[in-house]
Every structure is written in structure tokens, then in C-alpha cells.
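1. Quick one: sequence and predicted model below, then my questions.
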Amino acid sequence: MTALSCPELRLIDGFYDAAESAQIYQLLHGQDWPENRYIVAGRQFILPRLQTWHADPGIRYSYSNNLLETRSWTPLLLKIRVQIEAFLQVSFNSVLVNLYRNGEDYVGWHCDNEAELGEQPLIASLTFGATRPLQFRHKQTGQRGQVLLPSGSLLVMQPNFQHHWLHSIPPEPNLMTGRINLTFRNVVPVSEKIDA
Ligand SMILES: O=C(O)CCC(=O)C(=O)O
Ligand SMILES: [Fe+2]
């Protein structure tokens, strides 16, 4: 199965050309990466990748706030954000940066459907460095597929993708090179629940 059989995914290959992508990879790789061990409620978690989270002032995201400090935008991340926003005609206020140091790093099956992303979470996902497959699996039917994400590609996850499908980047033990992924998101403040 290819991405074409998942109508909620749209892949734009070569959004950045090879030279630009290699340069962006190097610049992002050189940023300061935090420790991937976290203690939450007395338990230690080890993320099988490195992450940073960048957002506009005042934007809180429970997933990241449990694990990650919120950083401000770097000039490079801001430049990419502006380019993606102009292309998609959508605005984003945050980005999660994932570094898969080699094929041992991965992300397990999940969907990005936190309440803070709103009912219709469109996510723009950029890849720099090694090509890895994004696998997807239908929540009800179990139907599966994958799409290869080359360096410089932009994958648009349409809102219904998170409603109907789980996704993962599986480990690939023989892969020695790194991959950096940016997922641009729009976090909407969730109003406090008021008990009657
Ligand atoms: O690395 C990728 O392509 C996907 C990352 C992802 O699913 C996430 O950060 O939520
Ligand atoms: Fe995800």
C-alpha cells in the first residue's frame, strides 16, 4: 500500500532541494539537545530519540510540558515555519523537533490527537537526513501501509489522519545515519472545564 491509499496524507517530495536539506540538517543537528531521560511522577522514561519543542509565548502543550521545556523560535525554525505557512495557507504556533540519531531511534504507534490540537489538527511534517518510512495503521480496520519520507519532503497529515489512523517510525537497526523531523502544529488553548 502506498500513501495514495491513505487519502489523509499528502506528500510533497523535494519541498527543499538536496543542498538546502543537507544544510538545514546540519544546522538543526548542531542545536543544543536535551537529555532524553525524564522523571515523571517518580518514574523514569527514556525517549528513543531526542526532542525539542518551540512555541509562541503562552502556548502550552501537555505532552511536551510534561517532558520538555518550551523554547523560543530560532531564526531557522521561524524561516521554515513562514515558508510552510505560505505554501499551505495555514498558521502554526509550535514545532516539535525530533532527532533520530540512527536507526535504533524510533517513535512507537500513536496519533497526535491531544485536545490542545483542536478537533481538526492539520500537522505539517518535514524530513531532513536519512529516509525513513512512516507506517500507518487504521484504528478500526487494522489496514496498514507506509510512506517513505525522503530528505526535503513535506508530509501533510490532514486532520482526519489523526482521527482514523495511528502512525509510527519503526526502528531500523542497520541504519547508521540520522534523521531530523519537524512537525508544525497549531496548539489552541483549551478552556478550563467549569464544574456545574
Ligand atoms: O518523525 C516523524 O516523521 C513522525 C514524528 C511524529 O509522529 C511525532 O512527532 O508525533
Ligand atoms: Fe506523530
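-> Received it, and whenever you're ready, just let me know what you need. Ligands and ions are numbered 1, 2, ... in the order given.

2. In the protein, what residue lies closest to ligand 1?
-> Asn181 (3.3 Å; C-beta to the nearest ligand atom). Where you see a C-beta, it was placed from the backbone N, CA and C, and this is true even at glycine.

3. Correct me if wrong: that residue contacts Val95.
-> No. Applying C-beta atoms under 8 Å as the test, Asn181 and Val95 come out as separate, 10.1 Å apart.

4. that older thread, what's the closest non-adjacent residue to the residue of the chain closest to ligand 1?
-> Nearest residue to Asn181, sequence neighbours excluded (C-beta to C-beta, 6 or more residues apart in numbering): Asn98, at 4.4 Å.

5. Trp165 now?
-> That would be Phe136: by C-beta to C-beta, 6+ apart, it lies 4.7 Å from Trp165.

6. what about Lys79, which SS state?
-> Three-state call for Lys79 (DSSP: H, G, I helix; E, B strand; the rest coil): helix.

7. sorry, that was for Leu28
-> Per three-state DSSP, Leu28 ends up helix.

8. For it, the count of nearby residues, please.
-> Neighbour count for Leu28, taken as other C-beta atoms under 10 Å: 22.
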